[in-house]
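Colleague: Build the 3D model from these lines:
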Amino acid sequence: MAEPIILHPDDTVAVLPLRAAEGSCPLGKGAPLSHPVAAGHKIARVAMAAGDPVIKFGQFIGRASQPIALGAHVHTQNCTFGDHDQSHQIGADLARAEAAIPRDQPARRFRGYARANGQVGTRNFIALCATVNCSATVIKRAAFEAETEGLLEPYPNVDGIAAFAHGTGCGMAATGLGAQILERVLWGHATHPNVGAAIFVGLGCEVMQIARMQAHFGDAGRERLHALTIQETGGTRATIDAIKAKIRAILPQVNATGRSDCPVSSLRIGLQCGGSDGFSGITANPALGVASDLIVGQGGGVILSETPEIHGAEDLLLRRTTPEVARRLMACLNWWEGYAAQGGGSMDNNPSPGNKQGGITTILEKSLGAVAKAGATPLRAFYDYGERVSAAGLSFMDSPGYDPVSATGQIAGGAQIVVFTTGRGSAFGSKPAPTLKLATSDALMRAMPDDMDIGCGDILSQGVPIAQKGAEIFEAILSVASGTRSKSEELGLGDNEFQPWQIGAVM
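Modeller: Below you'll find the predicted structure:
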């Protein structure tokens, strides 16, 4: 039997690399297991009394809710959420984080779409943006007909038509956070580096008026941005035809931009994890953290999000940032405490059932693994949901932990690629920014080979160094940025995963 994984000398638990049978003693000592225990789950390295801290990654992840024998399975039946240390030492590790930036690497480039405004895309889409749910079917139908009729075939530099439909845009307050978020997300997608031209489509009488989008256009954007409404155009069929006519008219212009050599400093990469398991914080997430550091070392940026999923691990970020960024991050976490309570929930109601089946017991454990995606460099900036990310280095963007909503915010902020780690398995994809998916285990690579781009299970099964796997992920990011299609792109994913964060009353 493979030896249990001890992640830190202070840990009171070890992780099973393989399933352990009933009656076995994976540690070679202690009481035999009373039931089979799945791979990725924890067993006790020491006997614990009720109330004792449970330590993994060298960090507190919960407390024993009852006595736990040496060698016993440690999970939801005997380990529970507990208050974590909040005596934050802001900036204590900032100098160490600065030193962690790999500045001595040779400058790298990729083949991207250089825009006239200085942006650089990894894809070249035409975006159809519904301002309201009433125009969702119209844009989807127009995109489907345009592609099936072969409108794009003569234009090799156009990667496709992305229809960004959603379930809101009316029945909402015209001012306030909900409207601000939707406006920010629609504008961010229409003006995304991966979009060569965009068409806003409304019904005509909705709260999120076309004029609200047009107010942003400016003279410089008029060639790339267009707008119409169903009511003014003559109804559903007439609007579909009008959208297709506009696509025909702008295709030569969009196709005129081809790929050229571009610096990695122009990249902003969204960091995501979903369907996490007990291996996420051991293989894929820390390997992605190495790749994140390599992007930062090239002058690029990476975006960590999913605010509820850093709960309990925020000190790892606060220790490597400035007082101003720390103030905004802590205020955001406090807001989330109240927001969760309004809905009858709490910040410790995560992990999901699938996370628990995969071996994650508490939100503290999940958060510690999730933060590993961010690598070791300083936290430079904090952004509200969907806000355009301009800073290089590691940034944090406020977002829910729900993957489609979180990634939609990152893409609205300008992320040209999303890198997504998963342990249980994910069928996620995104447009106009492609998603690159990383599997935490060999078993997942075997189970979902058409969805997973890179397997990180060989870190455990073959002893591949995390630094080597991180370099492999970095090279894959540059390859996808240069046009290599990811697995989710090959499967056609991304249209339905556009999910702006809906917040506020539906009226």
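Colleague: Check whether residue 197 sits in a helix, strand or coil.
Modeller: Recorded secondary structure, residue 197: strand (DSSP: H, G, I helix; E, B strand; the rest coil).
Colleague: Contact partners for it?
Modeller: 126-127, 223-226, 250, 253-254 (C-beta atoms under 8 Å, 6 or more residues apart in numbering). (Glycine included, C-beta is placed from N, CA and C.)
Colleague: Now intersect those with the helices, please.
Modeller: 250, 253-254 (DSSP state H).
Colleague: ok, and the most crowded of those residues?
Modeller: residue 254 (21 neighbours; other C-beta atoms under 10 Å).
Colleague: what's the closest of the ones in helices among the contacts of residue 197 to residue 121?
Modeller: Using C-beta to C-beta, residue 254 is the member of these that lies nearest residue 121, at 10.9 Å.
Colleague: Next up, the contacts around the closest one.
Modeller: 124, 126, 155, 157-158, 196-197 are the contacts of residue 254 under C-beta under 8 Å, 6+ apart.
Colleague: Looking at those, which is nearest residue 262?
Modeller: residue 124 (12.9 Å).
Colleague: Now do the same for the closest one: its pLDDT.
Modeller: Looking at residue 124, its pLDDT is 98.
Colleague: gap between residue 435 and residue 486?
Modeller: Distance of residue 435 to residue 486, given as C-beta to C-beta, to the nearest Å: 6 Å.
Colleague: low-scoring stretches of this protein, by residue?
Modeller: 1, 85, 219-222, 349-350 (pLDDT under 70).
Colleague: and the residue nearest the centre of it, helix, strand or coil?
Modeller: The central residue of the chain, meaning the one whose C-alpha is nearest the mean C-alpha position (C-alpha atoms, centre = their mean), is residue 272 at 2.5 Å. Following three-state DSSP, we place residue 272 in the strand state.
Colleague: My guess is it contacts residue 306. True?
Modeller: Yes - using C-beta atoms under 8 Å, residue 272 is in contact with residue 306, at 7.4 Å.
Colleague: Mutual contacts of these two, please.
Modeller: Common neighbours of residue 272 and residue 306 (C-beta under 8 Å, 6+ apart) are residue 406.
Colleague: can you pull the alpha-carbon coordinates of stretch 56-69 into PDB?
Modeller: Provided in PDB are the C-alpha atoms of stretch 56-69 (Å, rounded to 0.1, in the frame of the first residue of the first chain):
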ATOM      1  CA  LYS A  56      -3.400  20.000   7.600                       C
ATOM      2  CA  PHE A  57      -1.000  21.900   5.400                       C
ATOM      3  CA  GLY A  58       0.400  23.000   8.800                       C
ATOM      4  CA  GLN A  59      -2.800  25.000   9.300                       C
ATOM      5  CA  PHE A  60      -5.900  24.800  11.400                       C
ATOM      6  CA  ILE A  61      -8.800  23.200   9.400                       C
ATOM      7  CA  GLY A  62     -11.300  22.400  12.200                       C
ATOM      8  CA  ARG A  63     -11.700  20.800  15.500                       C
ATOM      9  CA  ALA A  64     -12.400  17.200  16.600                       C
ATOM     10  CA  SER A  65     -16.100  17.000  17.400                       C
ATOM     11  CA  GLN A  66     -15.500  13.700  19.400                       C
ATOM     12  CA  PRO A  67     -12.500  11.600  20.400                       C
ATOM     13  CA  ILE A  68     -10.500  10.400  17.300                       C
ATOM     14  CA  ALA A  69      -8.300   7.300  17.600                       C
END
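Colleague: List the buried residues in it.
Modeller: When burial is assessed from 16 or more other C-beta atoms under 10 Å, stretch 56-69 yields the following buried residues: 56-57, 59-65, 68.
Colleague: ok, residue 151 - how many residues close by?
Modeller: Neighbour tally, residue 151, other C-beta under 10 Å: 17.
Colleague: thought it was touching residue 250?
Modeller: No - in terms of C-beta under 8 Å, residue 151 does not count as a neighbour of residue 250; the distance is 10.8 Å.
Colleague: List the contacts of residue 425.
Modeller: Residue 425 touches 275, 439, 444, 447-448, 451, counting by C-beta under 8 Å, 6+ apart.
Colleague: how about the strands of the stretch 301-450 of the chain, start to end?
Modeller: 301-304, 379-383, 393-397, 417-422, 435-439 (DSSP state E, counting those that start in this stretch).
Colleague: still on that earlier bit, which one of the buried residues of stretch 56-69 is nearest residue 365?
Modeller: residue 61 (4.0 Å).
Colleague: Then that closest one would be within a strand, right?
Modeller: Yes - looking at residue 61 with three-state DSSP, it is inside a strand.
Colleague: From residue 237, how far out is it?
Modeller: 58 Å.
Colleague: same question, residue 49
Modeller: Distance, residue 49 to residue 237, using C-beta to C-beta: 72 Å.
Colleague: just residue 370 next, same as before
Modeller: Residue 370 is 47 Å from residue 237, by C-beta to C-beta.
Colleague: neighbour count winner among those two?
Modeller: residue 370 (27 against 11).
Colleague: Helices of the stretch 151-300 of the chain, start to end?
Modeller: Applying DSSP state H, counting those that start in this stretch to the stretch 151-300 of the chain gives helices spanning 177-190, 210-214, 218-221, 230-233, 236-255, 284-297.
Colleague: Now distance to residue 98 too, for these, in a markdown table please.
Modeller: Below are the helices of the stretch 151-300 of the chain laid out as a markdown table (distance: least, C-beta to C-beta, whole Å):
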| stretch | distance to residue 98 |
| --- | --- |
| helix 177-190 | 30 |
| helix 210-214 | 41 |
| helix 218-221 | 37 |
| helix 230-233 | 53 |
| helix 236-255 | 41 |
| helix 284-297 | 11 |
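Colleague: mind checking which of these is nearest residue 267?
Modeller: Of the helices of the stretch 151-300 of the chain, nearest to residue 267 by C-beta to C-beta is helix 284-297, at 6.3 Å.
Colleague: where do the helices sit along the stretch 301-450 of the chain?
Modeller: Under DSSP H, counting those that start in this stretch, the stretch 301-450 of the chain gives helices at 314-318, 323-342, 353-357, 363-371, 403-412, 442-447.
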